[in-house]
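Colleague: Here is a sequence together with a model predicted from it:
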Amino acid sequence: MPWDRNQMAERAAKELQDGWYVNLGIGIPTLVSNYIPNNVEVTLQSENGMLGMGPFPFEGEEDADLINAGKQTVTTLPQTSFFDSSQSFAMIRGGKINMAILGAMEVSEEGDLANWMIPGKLVKGMGGAMDLVAGVKRVVVVMDHTNKAGDSKVLKACSLPLTGKRVVNRIISNLGVLDVVPGSLKIVELAEDVTEAELRMATDATVVTTMSGKHSIPD
Amino acid sequence: MNKVYDNAACALADLLFDGMLIAAGGFGLCGIPELLIAEIKARGTKGLTIASNNAGVDGFGLGQLLENRQVKKMISSYVGENAEFMRLYLAKELEVEFNPQGTLAERMRAGGAGIPGFYTKTGVGTVIAEGKETKDFEGQTYVLERGLVADLSIVKAWKADPSGNLVFRKTARNFNPPAATCGNVCVAEVEEIVPLGSLDPDSIHTPGIYVHRLIQGQHEKRIEQRTTRKKAA
């Protein structure tokens, strides 16, 4: 079975290391905060101007002045700090954030990322994604391996306008985990009961190196 | 020297003109200058270029100025919450200059700080860098982005004193401080104007030098994505 949204988020949470400052994108990446291991302390940055983002508020305790970058109501933690948008992106651009976990429309085998527009169809904008991929030390993409039509989102070259060139380090999809290495993608892990052949079939990009054994998500 | 005005109409009376460039604070609907936006709508000023991270939603915030066809161009990073925006843009009735969020914030900060341009890695290798000067520093390519100076800044703060010192609340700070600095004139709307001396000088977020006019008013403070969790039993 390929991983579902929560299993992808759970797998992505294993990327987190103790002491890291991390920015989580909108969608599946937001779910990663539900799976942060107990022995790992990470500080979540929200690019609208907050470090130390807490969980969603209890009903009735929402504060219109306290939201995350997805415009969802959130809460503070004892270590929370607030700052303005230029300060927020100073820490992003300045390489102070250890990792960003983002969604994607397409990723190429060179690590190019497209996640902000479909010409003539969908115009949302890049938000903070271009700054994040340019400035953050490690970029992990979490997304479905194929789109609704069944076409691969893991491509030789992106067809959509780029968010960043050669910026992705690792892809976590519903089928497994792939690393961007020179010239290709390397399979790091397969989702439970997903075969290497299935993953290759769903991948348009070059996958030259394979892992030695098959792994599944540990409990 | 009095910076305190009775209401948005008085504060903006002699400041609006067709074709002007306005920088607005706010992120989504959080910390937006809703009273000043409502007055710009009432005045019907046309051909506006608005630098703001987002474009409001249908029927609220800057979305009202889009619906009223007062906006010629938006300079924004994310407009995904606004169906009317998408429609106008795809129909080519609205120009959009997409700026990466950090680049937009820094353009405002730089413009207000007398810095006409700066180099950033953000957007290199994408359409954002097309037609812009690039330069290599220590083996990395950077793109030249311009500081932004607006005819008018409109911002929203939590508290102000009569000298224009501003204090923001939680994530409603966002783009307001950089936007405040980049306008030739800055008008701030606040929830409360407190007496001189009652704000801690060590805790002022935007010093009054950047703020030319102030109004106090009631804010709707609409929540865009009300997200909660259940209390454990």
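Modeller: Cool, the structure landed. Residues are numbered from 1 along each chain as shown, chains lettered A, B, ... in the order given.
Colleague: by contact count, what packs against the helix or strand of chain B with the lowest mean pLDDT?
Modeller: Least confident helix or strand, chain B: helix B:83-90 with a mean of 86, by mean pLDDT, DSSP states H and E. Packing contacts for helix B:83-90, counted by 3 or more Cβ pairs under 8 Å, 6 or more residues apart in numbering or on different chains; DSSP states H and E, involve strand A:122-123, helix B:63-67. C-beta here means a position set from N, CA and C on the backbone, and glycine is covered the same way.
Colleague: Can you name the residues in contact with that helix?
Modeller: Helix B:83-90 is contacted from outside by A:120, A:123, B:55, B:58, B:63, B:66, B:67, B:74, B:79, B:94, B:96, using Cβ atoms under 8 Å, 6 or more residues apart in numbering or on different chains.
Colleague: show me what contacts the third one?
Modeller: Residue B:55 makes contact with B:61, B:62, B:63, B:66, B:74, B:76, B:79, B:82, B:85 under the criterion Cβ under 8 Å, 6+ apart.
Colleague: isn't the second one right up against residue B:32?
Modeller: What that stands for is residue B:62. Yes: Residue B:62 is in contact with residue B:32 according to Cβ atoms under 8 Å; the separation is 7.5 Å.
Colleague: Now list whatever residues contact both of those two.
Modeller: Counting by Cβ under 8 Å, 6+ apart, the residues touching both residue B:62 and residue B:32 are B:24, B:56.
Colleague: mind listing the strands for chain B?
Modeller: B:21-24, B:48-51, B:71-76, B:95-98, B:117-120, B:134-137, B:140-146, B:150-160, B:166-167, B:183-193, B:213-216 (DSSP state E).
Colleague: can you tell which of these is closest to chain A?
Modeller: Closest to chain A of the strands of chain B, according to Cβ to the nearest Cβ: strand B:95-98, at 5.3 Å.
Colleague: Across the sheet, point out what pairs with the nearest residue to residue B:183 once chain neighbours are set aside.
Modeller: In space, and not counting its chain neighbours, residue B:183 is closest to residue B:153: 2.8 Å by Cβ to Cβ, 6 or more residues apart in numbering or on different chains. Legend: beta-bridge partners of residue B:153 under DSSP bridges are residue B:23, residue B:186.
Colleague: circling back: ranking the contacts of helix B:83-90 by neighbours, who comes first?
Modeller: Using other Cβ atoms under 10 Å in any protein chain shown as the neighbour test, the contacts of helix B:83-90 are led by residue B:55, with 29 neighbours.
Colleague: For it, report the pLDDT, please.
Modeller: We have a pLDDT of 93 for residue B:55.
Colleague: what about chain B, any weak spots by pLDDT?
Modeller: Confidence mapping of chain B against pLDDT under 70 gives the ranges B:233.
Colleague: To clarify, my last question referred to chain A.
Modeller: A:209-219.
Colleague: how does it look with 80?
Modeller: Regions of chain A meeting the criterion pLDDT under 80 cover residues A:122-123, A:208-219.
Colleague: Format the helices and strands packed on helix B:83-90 as TSV; extra columns: distance to residue A:29.
Modeller: What follows is the helices and strands packed on helix B:83-90, written out as TSV (distance: least, Cβ to Cβ, whole Å):
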stretch	distance to residue A:29
strand A:122-123	19
helix B:63-67	27
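Colleague: Which one, of those, ends up nearest to residue A:89?
Modeller: Residue A:89 lies closest, by Cβ to Cβ, to one member of the helices and strands packed on helix B:83-90: strand A:122-123, at 22.0 Å.
Colleague: Which neighbours in the sheet does the closest one have, and how are they oriented?
Modeller: Strand A:122-123 sits in its sheet next to strand A:117-118 (antiparallel), going by DSSP bridges.
Colleague: residue contacts, the residue nearest to residue A:124 when sequence neighbours are not counted?
Modeller: With Cβ to Cβ, 6+ apart as the criterion, residue A:124 has its nearest non-adjacent residue at 3.5 Å, and that residue is residue B:80. Residue B:80 sits next to A:123, A:124, A:125 when contact means Cβ under 8 Å, 6+ apart.
Colleague: ok, now which ones touch residue B:197?
Modeller: Neighbouring residues of residue B:197 by Cβ under 8 Å, 6+ apart: residue B:161.
Colleague: no, scratch that, I was asking about residue B:98
Modeller: Neighbours of residue B:98 in contact, by Cβ under 8 Å, 6+ apart: A:116, A:125, A:126, B:76, B:77, B:128.
Colleague: From the residues you listed, pick the one nearest residue A:204.
Modeller: Closest approach between those and residue A:204, by Cβ to Cβ: residue A:116, at 20.4 Å.
Colleague: Now the phi/psi pair for the closest one, please.
Modeller: Dihedral pair for residue A:116: phi -130, psi -20, per degrees, to the nearest 10.
Colleague: Just give the nearest non-adjacent residue to it, would you?
Modeller: Nearest to residue A:116 is residue A:126, by Cβ to Cβ, 6+ apart, at 3.9 Å.
Colleague: which element is residue A:88 on?
Modeller: In this assignment (DSSP states H and E), residue A:88 forms part of helix A:85-93.
Colleague: Spell out whether that helix and chain B are in contact.
Modeller: Yes: using Cβ under 8 Å from any Cβ of the partner chain, helix A:85-93 reaches chain B at A:85, A:86, A:88, A:89, A:90, A:92, A:93.
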